[in-house]
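Q: Sharing a model that was predicted from the sequence below.
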Amino acid sequence: MILRHEFIVFLLFSFHAGSLPANNGDVREHTELVRNASHSFVIDVGGTLDPENIEITIENTGGVPVVKPRIKVNGKYNFYTLEDMVAEITAGCATDEEKAMAIYQHVDQNYYWWSFPRDNSSYNPVRRFNVYGYHICAQAATQFVALCRAAGVDARVYETGVHTISEALWDGAWHLLDSDFGAWYVKSDNRTIASIQDLLAQPELVARTYKPYRWYRRDDDRKIIYRPDGEPPDAGLKHIFDSAREKGRIEHSYDDRVFTDYSMDITLRPGEKLVRWWKPVLGKYFDQREKLEPPRYGNGQLVFEPDFSRHDYSGSIQRRNLKFAVEDGVLPQVHPDLWQDSAHGEVSDLVIPVRSPYVIVGGNVETAFYKGGTSSLDRITCSADLDPTGDKRTRLWNYYEWACGQGEVQQVLDDKLIRDGRQATYDFDVIFSISANQSGKSIPKAYPMIYGGISGLEKVKITADLQVNPSSLPALSLGRNVISYADQSGGDRDVKITYRWREKSGQHPPGPPRQAVSPADGSVRVNATLEIQWSAANDPDGDDIVCYRFQLSFRPDCAWPLATNFDRDIREGTSLKVPEGWLNPRTTYYWRVQAEDEYGNRSPWSRVFSFTTR
């Protein structure tokens, strides 16, 4: 703390704002001004690959609250409520099976395995996906179940005793879908997904299924593999279901946490903005005291800098015995209405709430103020209610009784906030208490007593540091991006939307394999035990092809594979040998391949090839 006083006292507390990491390539910026309840605009992204998304900011620059501002890009990223999420995830799905599989793939592919945050509300899909993006088995199962039920598909959580899994109901039967392990198990008909009870009766169904690898993408977009693919499971996977014989049960204890109605909607007051970064530019995350830093997360800030000379903030800020400059033209901008004396000792209070849809992991309060005297009736204090479990005020600072004149304080909130444990912080209140001695009205307005004997606030700026899941943010992609904005504000609004991104040039993704070598596309009377081969992919930059992702399905659209065995990374060669016993006679199968080069750039999927067994 640095202290300076010459009738004017400054209290300064250190604040680390963070900085964007350096990288090659030009940073582009687009700012759009919005004045209508719905608005669309286009951002064209150049280069040869999808860009590095850096920042998106929504700022209320007008005079009315902006209620529920929402942004979509090319019709995607509408993840504000549970219903919104389900509508986007299951778009185009006609049956309960298709809905359940689409939800399974969303949870499996858009999250990564990591030590879970202990925030109780993170079991809810809206908060889990938008705020965190990582989980262990219990969160994966509850996300799946909540999304299925919201889609009208019956689903349930099942505890085996050592692992939490989930089942969905379609066609009159239960089917296990484990979106934590990224696995399901097919019955002996080689088509129907088994239930937990099926697996208990036929453990060999587990033993024949590969355990997929877990993976995530680092900030530099390189894929990190936790374990190699292609390893058949040992007793380590089978023991999960052995445990279920004794300890297995349908689990309902998560329901209260899962089905609480959370939303990512926010109301931005005049002078308030929401900034979100795709990378952890602040280096702050929930459970920071207890957990290792997640390998992939983002940060953001909710910043409120009210202008009391232009707005009275009716309904969004609470006050008692206070006037604003917009009402009477008196400075400082916030000041007592009735001054204090021995007969009237009521202190004037200003309560500024901060409400965030993202978990708050730090922040600070900057204040410029003026104190008009040194009596016991001349006071300015700042406190905050930072405890989400109840009304517990924490004193931030109390301007010295012996000092007067102008002052500035910047108070860091990081160590005062609840940033770990089961109860996370999503909102807090900042409270200013002000009093001015009635006898000070006679003090002339002359430096340093520029406002005479009155006391009050000249400026307030509150910043809440946030954790966000970058996968949920409305990202730009290569080419044409149509950004759709909508809100539910009344009256005229003035909103400023700013995108910042870095274009990527110099590399190109590889092309997909073009031919089915064996069996040829459309072949019939193919042996059920075979080796599927495809032509090698070409990379326009001459980069090595290091991996092919292969999928085999009984669906012409390859919406999901026959089994998790047939959604594989092939790291050597251009073929896959189909294990004996998996393909049925007189059945048509469909397959496709995707190539990946040495820099992690992936091709589009190949066209879908087919063959029919004899």
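A: Ah, there it is.

Q: So which residues of the stretch 401-550 of the chain form strands?
A: For the stretch 401-550 of the chain, the strands defined by DSSP state E, counting those that start in this stretch occupy 405-412, 427-435, 456-468, 479-486, 495-504, 516-518, 523-526, 531-534, 545-553.

Q: and among those strands, the most buried is which?
A: strand 456-468 (a mean of 23; mean count of other Cβ atoms under 10 Å). Yep, even glycine has a C-beta here, placed from its N, CA and C like the rest.

Q: Tell me which other helices or strands it touches.
A: strand 272-277, strand 298-304, strand 334-336, strand 348-355, strand 360-371, strand 427-435 (3 or more Cβ pairs under 8 Å, 6 or more residues apart in numbering; DSSP states H and E).

Q: which SS class is Trp174?
A: What DSSP: H, G, I helix; E, B strand; the rest coil gives for Trp174 is strand.

Q: Make CSV out of the helices and strands packed on strand 456-468 and add distance to Asp567.
A: What follows is the helices and strands packed on strand 456-468, written out as CSV (distance: least, Cβ to Cβ, whole Å):
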stretch, distance to Asp567
strand 272-277, 32
strand 298-304, 28
strand 334-336, 60
strand 348-355, 42
strand 360-371, 36
strand 427-435, 42
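
Q: can you tell which of these is closest to Gly283?
A: strand 298-304 (7.7 Å; Cβ to Cβ).

Q: quick one: average confidence on the closest one?
A: Averaged across strand 298-304, the pLDDT comes to 98.

Q: So what's the gap between that strand and the chain middle?
A: Centroid separation for strand 298-304 versus its chain: 12 Å, with Cα atoms, centre = their mean, to the nearest Å.

Q: what's the domain layout of the chain?
A: According to the TED database, the chain comprises the domains 279-470, 516-613.

Q: now those domains as a markdown table including distance to Tyr185?
A: Listed next are the domains of the chain as a markdown table, based on distance: least, Cβ to Cβ, whole Å:
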| stretch | distance to Tyr185 |
| --- | --- |
| domain 279-470 | 29 |
| domain 516-613 | 8 |
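
Q: Most tightly packed of those domains?
A: Of the domains of the chain, domain 279-470 is the most buried (mean count of other Cβ under 10 Å), at a mean of 18.

Q: Pull up the distance across it, start to finish.
A: Taking Cα to Cα, to the nearest Å as the measure, domain 279-470 stretches 7 Å from start to finish.

Q: Just the endpoints, please. Distance across stretch 548-565?
A: 14 Å.

Q: Quick check: mean pLDDT of it?
A: pLDDT averaged over stretch 548-565 gives 95.

Q: ok now that stretch, how far from the chain's centre?
A: On Cα atoms, centre = their mean, the centre of stretch 548-565 falls 29 Å from the chain's centre.

Q: likewise stretch 560-578?
A: Using Cα atoms, centre = their mean, the offset of stretch 560-578 from its chain centre is 31 Å.

Q: just stretch 134-145 next, same as before
A: Centroid separation for stretch 134-145 versus its chain: 15 Å, with Cα atoms, centre = their mean.

Q: Just the CA coordinates for it, please, in PDB.
A: Provided in PDB are the C-alpha atoms of stretch 134-145 (Å, rounded to 0.1, in the frame of the first residue of the first chain):
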ATOM      1  CA  TYR A 134     -14.200 -29.900 -17.800                       C
ATOM      2  CA  HIS A 135     -15.500 -32.600 -15.500                       C
ATOM      3  CA  ILE A 136     -15.100 -36.100 -14.100                       C
ATOM      4  CA  CYS A 137     -17.600 -38.900 -14.300                       C
ATOM      5  CA  ALA A 138     -20.300 -37.500 -12.000                       C
ATOM      6  CA  GLN A 139     -20.500 -34.200 -13.900                       C
ATOM      7  CA  ALA A 140     -20.400 -36.000 -17.200                       C
ATOM      8  CA  ALA A 141     -23.300 -38.200 -16.300                       C
ATOM      9  CA  THR A 142     -25.400 -35.500 -14.800                       C
ATOM     10  CA  GLN A 143     -24.900 -33.200 -17.800                       C
ATOM     11  CA  PHE A 144     -26.100 -36.000 -20.100                       C
ATOM     12  CA  VAL A 145     -29.100 -36.800 -18.000                       C
END
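
Q: Could you pull out the buried residues of it?
A: By 16 or more other Cβ atoms under 10 Å, the buried positions in stretch 134-145 come out as 134-135, 137-145.

Q: thinking again about what came up before, out of the domains of the chain, flag the one nearest His163.
A: Using Cβ to Cβ as the measure, domain 516-613 is the one of the domains of the chain that comes nearest His163, at 15.9 Å.

Q: contacting residues for the residue located most distally from the centre of the chain?
A: In terms of distance from the mean C-alpha position of the chain, Ser442 ranks first, at 55.0 Å (Cα atoms, centre = their mean). Going by Cβ atoms under 8 Å, 6 or more residues apart in numbering, Ser442 touches Gly453.

Q: of the domains of the chain, which approaches Leu169 most closely?
A: Comparing the domains of the chain against Leu169 with Cβ to Cβ, the closest turns out to be domain 516-613 (17.3 Å).

Q: How far away from the center of its chain is that closest one?
A: Centre-to-centre, domain 516-613 and its host chain are 33 Å apart (Cα atoms, centre = their mean).

Q: Quick one: closest of the domains of the chain to Val45.
A: Of all these, domain 516-613 sits nearest to Val45, with 16.0 Å by Cβ to Cβ.

Q: end-to-end on the closest one?
A: 16 Å.

Q: do stretch 605-612 as well
A: Criterion Cα to Cα; first-to-last residue distance in stretch 605-612 is 21 Å.

Q: what do you get for stretch 33-50?
A: By Cα to Cα, the extent of stretch 33-50 from end to end equals 25 Å.

Q: Go through that stretch and flag the buried ones.
A: Within stretch 33-50, the residues scored as buried using 16+ other Cβ under 10 Å are 34, 39, 43, 45, 47, 49-50.

Q: what's the spacing between Ser489 and Asp265?
A: 12 Å (Cβ to Cβ, to the nearest Å).

Q: for Arg602, same thing?
A: Counting by Cβ to Cβ - Arg602 and Asp265 are separated by 34 Å.

Q: now do Arg257
A: Arg257 is 20 Å from Asp265, by Cβ to Cβ.

Q: out of the two, which sits in the busier spot?
A: Taking other Cβ atoms under 10 Å, Arg257 and Asp265 do not tie; Arg257 has more neighbours (18 against 15).
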